[in-house]
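Asks: Curious how this folds, go ahead:
(4 chains)
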Number of protein chains: 2
Amino acid sequence: MLKRRRATLKDVAESVGVHVSTVSRALNPETRHLITSDIVRKIAAASRALGYIPNTAAYSLRTTRTKIVGVVVPDITNSIFPPIIRGVEDALMEHGYATVLVNTDGGMEREAAMIEALAARGVDGLVIASVHRDDGRIRDLATQGTPVITVNRRMDDPTIPSVTSDEEDGVRRMLTHLAALGHKNICTIAGDQTISTGQRRHDAFMQIAPELGIEPDPANVVFASDFNESSGERCMEELLARGVEFTAVHCSNDRLAIGAISALRRRGLSCPADVSVTGFNDMPMVDRIDPPLTTIRIQQHKVGYVAAELLYEQMRELSSRPVPQHIVLPVDLVVRSSTAPPPAIASKTVRRTVKDRT
Amino acid sequence: MLKRRRATLKDVAESVGVHVSTVSRALNPETRHLITSDIVRKIAAASRALGYIPNTAAYSLRTTRTKIVGVVVPDITNSIFPPIIRGVEDALMEHGYATVLVNTDGGMEREAAMIEALAARGVDGLVIASVHRDDGRIRDLATQGTPVITVNRRMDDPTIPSVTSDEEDGVRRMLTHLAALGHKNICTIAGDQTISTGQRRHDAFMQIAPELGIEPDPANVVFASDFNESSGERCMEELLARGVEFTAVHCSNDRLAIGAISALRRRGLSCPADVSVTGFNDMPMVDRIDPPLTTIRIQQHKVGYVAAELLYEQMRELSSRPVPQHIVLPVDLVVRSSTAPPPAIASKTVRRTVKDRT
DNA sequence: ATCTCTTGTGCAATCGTTTGCATATTTTTG
DNA sequence: CAAAAATATGCAAACGATTGCACAAGAGAT
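Replies: Coordinates of the predicted model:
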């Protein structure tokens, strides 16, 4: 069977006996009122009968709008992103937009190249989950008039709209939880400081800890180069190597926490019996790992959904430059089994253990 | 700053002093040889200087090719899919294709609607991970000449090309492993039989078990309605409720296995001490759950990558209808901690325990 | 020197829409 | 009832690329 040529405006115009422009107007809700309702009905019928589907390419060529938005993530394989992406798609699909996804693998150069490729395709807007705190390329894009929104992360530049989670509140709740359990010596594994989540969570830690009577010592903080498990392992090893006393480790995200727990275990230490470990994000599956992770739940799907809605607004009212919005969604503490009261003689135990093995 | 109009073929034509058709040919590798190399050089220079980027819409309108392929998955949020999708994108990007992703949530109706939407956008081809064994819509698409390939799953109809994993070998290795540990009474939680993975894994189980001296009793098999954790839980409960004797449960995929383990635990039974549980797929994170899952590793990224390559071939040689290919990738057994030798008095223990609580 | 071939370039149509403008028809109004 | 206003439709020009065809100029053959 041959691929039959698709019906065009012209086909339905001929079938009804009117001009193609009339059909075009009749089929467009915005201009439908210009046409006699009787004719509109006939056109609608004919178009249905012929199975008319508008040609996207022609539409785009004429209007310079593609009804496609680009979604830029570090790596779709990182399970924090799929729910966000899904949120974006769910929202955008309702408005007839398609999304094309690209992975940057964290690099700013590759990010630039990918965004370039999306721009070449003429995307109508961009949802960026891979953004760094400072990114000239994206600022330029925005000032040139491309609708852009960052999601989950934000830029320092308040000019670029964003939808994020309440990192400060998350950290506060977590530290409060740890303090309530009786922890005094808390280390932190901070994330990449060139990324807003890394920086804000760390800043919040440094600010809130003292309020709870926990004095943050520089010896108690390590900075992870990446937001992943192996980086978490390295950081925990570093902490153990330093020989500082601690009964809990506050990690900047779940993956760091997972790595940290592995490292502890390799040293013969148990979580939470010897040291409590906390995450951030509540990624899928962290409720099933060993031990189930105490973490901060962010509204992953909603973050994406709301960002897409905001972007949509931006794309519609291209004329009037809107004030950039920053939406901050609330978070929740979810207590599972990676946190427990500190062991009575915790600090010494840790210390001795470390000594034993170094 | 205003959004500057993008340079067109015409602009570079004028800048060089030639006709646009000459520029078009000079810029296209396929037709470049028609133009004097000196002029080609000039055109290349001018096009770079002006920052010329071809207009995708115009290209598509003229050629009816969009350089977009649709990727159809049940749900991007299911962590088996992201690596596959990534594989598809990595391969396609190299050839200048973009991918647009849609989620079907498992329903055939929604799948049809989504594919319809993709077709309306004029995608050049389709990678389908959500396919059911029988799906008339997709067969029609293919016979009408749309390049299609299914990935991870396949249709019964051998006409539709596919890239899958060696389910039979996976099951064989897993059963061999269990048999070697000493298990005799093995139950199976089979997946959706309208999907090739569900059916083939189950068929393989029924065929291979006897070869290993394990006699499959109908009482030992339950069918899951969905490939997810809650379905796995329900199935395990059903098994326990039946009061059959077993020391191991072979699950059709990892998520069912995870659910099964939860259900066991809720009944006060331990995996693997009381019963061994096995998965299939080696999803991300199943090495970190409690207990780390013994499963079959499939080459997720590669499955996607290879499928995309095959689809690309299909899209290039649209003229000659190629023989549909079915590529089957090898799998690996990965033994972790959810399997162990059966407890000495395993069957009775299970039985008594079940009785105790019912 | 004439003719044929080849090679390189230009011409113009085309893909399917949208939209400003002109025109024809109807309705309103004084 | 004529003129003005409103309404409904058609006309044609874009949008930016590709491509079959025509044509011009130079190369080679006789």
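Asks: Tell me which helix or strand the nearest residue to A:Asp134 once chain neighbours are set aside sits in.
Replies: Distances taken as C-beta to C-beta, 6 or more residues apart in numbering or on different chains place A:Asp156 nearest to A:Asp134, at 6.0 Å, with adjacent residues excluded. The way it works is simple: take the backbone N, C-alpha and C, and place the C-beta from them, glycine included. For A:Asp156, there is no host helix or strand (DSSP states H and E).
Asks: same check, this time on A:Gly170
Replies: helix A:167-181.
Asks: From the rest of the structure, what touches that helix?
Replies: Contacting residues not belonging to helix A:167-181 are listed as A:186, A:197, A:200-201, A:204-205, A:208-209, A:212-214, A:248, A:250, A:276, A:278, A:280, A:294, A:296, A:298, A:330-333, A:335, A:339-342 [C-beta atoms under 8 Å, 6 or more residues apart in numbering or on different chains].
Asks: what do you get if the cut-off is 6 Å, keeping everything else the same?
Replies: A:186, A:200-201, A:204-205, A:208, A:212, A:248, A:278, A:296, A:331, A:333, A:341 (C-beta atoms under 6 Å, 6 or more residues apart in numbering or on different chains).
Asks: From those, which land in helices?
Replies: Per DSSP state H, helices hold the following members of the contacts of helix A:167-181: A:Arg200, A:Arg201, A:Ala204, A:Phe205, A:Ile208.
Asks: which ones are touching the third one?
Replies: If a contact means C-beta under 6 Å, 6+ apart, then A:Ala204 has A:Glu167, A:Glu168, A:Val171 as its contacts.
Asks: Which pLDDT does the model give it?
Replies: Predicted confidence (pLDDT) for A:Ala204: 98.
Asks: and the nearest residue to it once chain neighbours are set aside, how many neighbours?
Replies: With C-beta to C-beta, 6+ apart as the criterion, A:Ala204 has its nearest non-adjacent residue at 3.8 Å, and that residue is A:Val171. Counted by other C-beta atoms under 10 Å in any protein chain shown, the residues lying close to A:Val171 total 27.
Asks: related to what we said a few turns ago, my guess is the residue nearest to A:Asp134 contacts A:Val131. True?
Replies: No: in this structure, A:Asp156 is not within contact of A:Val131 by C-beta atoms under 6 Å, at 10.3 Å.
Asks: and the residue nearest the centre of chain A, what is it in contact with?
Replies: Most central in chain A under C-alpha atoms, centre = their mean is A:Asn152, positioned 3.8 Å from the mean C-alpha point. Listed by C-beta under 6 Å, 6+ apart, the contact set of A:Asn152 reads A:Ala129, A:Val303.
Asks: Check A:Glu111 too.
Replies: A:Thr104, A:Ser130.
Asks: what do you get if the cut-off is 7 Å, keeping everything else the same?
Replies: A:Val72, A:Thr104, A:Ser130 (C-beta atoms under 7 Å, 6 or more residues apart in numbering or on different chains).
Asks: isn't there a helix covering it?
Replies: Yes: the assignment for A:Glu111 by DSSP: H, G, I helix; E, B strand; the rest coil puts it in a helix.
Asks: mind listing what whichever residue of the stretch 151-300 of chain A sits closest to DNA strand D touches?
Replies: Relative to DNA strand D, the nearest point of the stretch 151-300 of chain A is A:Ile160 (27.3 Å; C-beta to the nearest atom of the strand). For A:Ile160, the contact set (C-beta under 7 Å, 6+ apart) comprises A:Ile138, A:Arg139, A:Ala142, A:Val148, A:Thr150, A:Pro324.
Asks: was I right about the second one contacting A:Thr150?
Replies: No: proximity of A:Arg139 to A:Thr150 does not meet the contact threshold set by C-beta atoms under 7 Å, at 11.1 Å.
Asks: between those two, who's got more neighbours?
Replies: Taking other C-beta under 10 Å, A:Arg139 and A:Thr150 do not tie; A:Thr150 has more neighbours (26 against 15).
Asks: Around A:Ser225, how many other residues sit close by?
Replies: 11.
Asks: whoops, A:Asp140 was the one
Replies: Counted by other C-beta under 10 Å, the residues lying close to A:Asp140 total 11.
Asks: before we move on, what about A:Met93?
Replies: 16.
Asks: Check A:Ala119 too.
Replies: 16.
Asks: what's near enough to touch the nearest residue in space to A:Ser15 that is not next to it in sequence?
Replies: In space, and not counting its chain neighbours, A:Ser15 is closest to A:Ala46: 4.7 Å by C-beta to C-beta, 6+ apart. The contact partners of A:Ala46, by C-beta under 7 Å, 6+ apart, come to A:Val12, A:Ser15, A:Val16.
Asks: Show only the entries of the contacts of A:Ile160 found in helices.
Replies: Per DSSP H, these map to helices at A:Ile138, A:Arg139, A:Ala142.
Asks: Distance to DNA strand C and pLDDT for those residues - can I get that in CSV?
Replies: Shown next, in CSV, are the ones in helices among the contacts of A:Ile160 (distance: C-beta to the nearest atom of the strand, whole Å; pLDDT from 0 to 100):
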residue, distance to DNA strand C, pLDDT
A:Ile138, 28, 94
A:Arg139, 29, 93
A:Ala142, 24, 91
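Asks: and which of the residues you listed is nearest to B:Val303?
Replies: Nearest to B:Val303 among those is A:Ile138, at 33.7 Å by C-beta to C-beta.
Asks: Report the contact partners of that closest one.
Replies: A:Ile128, A:Val131, A:Val148, A:Met155, A:Ile160.
Asks: What separation do you get for the residue nearest to A:Asp135 when sequence neighbours are not counted and A:Glu167?
Replies: Leaving aside its sequence neighbours, A:Asp135 sits nearest to A:Met155 (C-beta to C-beta, 6+ apart; 6.3 Å). With distances taken as C-beta to C-beta, to the nearest Å, A:Met155 is found 15 Å from A:Glu167.
Asks: now the contacts of helix A:167-181 in TSV, with distance to DNA strand C?
Replies: As requested, those are exported to TSV (distance: C-beta to the nearest atom of the strand, whole Å):
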residue	distance to DNA strand C
A:Ile186	59
A:Arg200	42
A:Arg201	46
A:Ala204	48
A:Phe205	52
A:Ile208	53
A:Leu212	59
A:Ala248	60
A:Thr278	53
A:Ile296	46
A:Val331	43
A:Leu333	50
A:Pro341	65
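Asks: Looking at the residues you listed, which two lie furthest apart in space?
Replies: Farthest apart among the contacts of helix A:167-181 - using C-beta to C-beta - are A:Arg200 and A:Pro341, which lie 28.4 Å from each other.
Asks: picking that back up, could you tell me the phi and psi values at the residue nearest to A:Ser15?
Replies: With angles defined as degrees, to the nearest 10, A:Ala46 sits at phi -60, psi -40.
Asks: Secondary structure of A:Ala257: a strand, I assume?
Replies: No: looking at A:Ala257 with three-state DSSP, it is helix, so not inside a strand.
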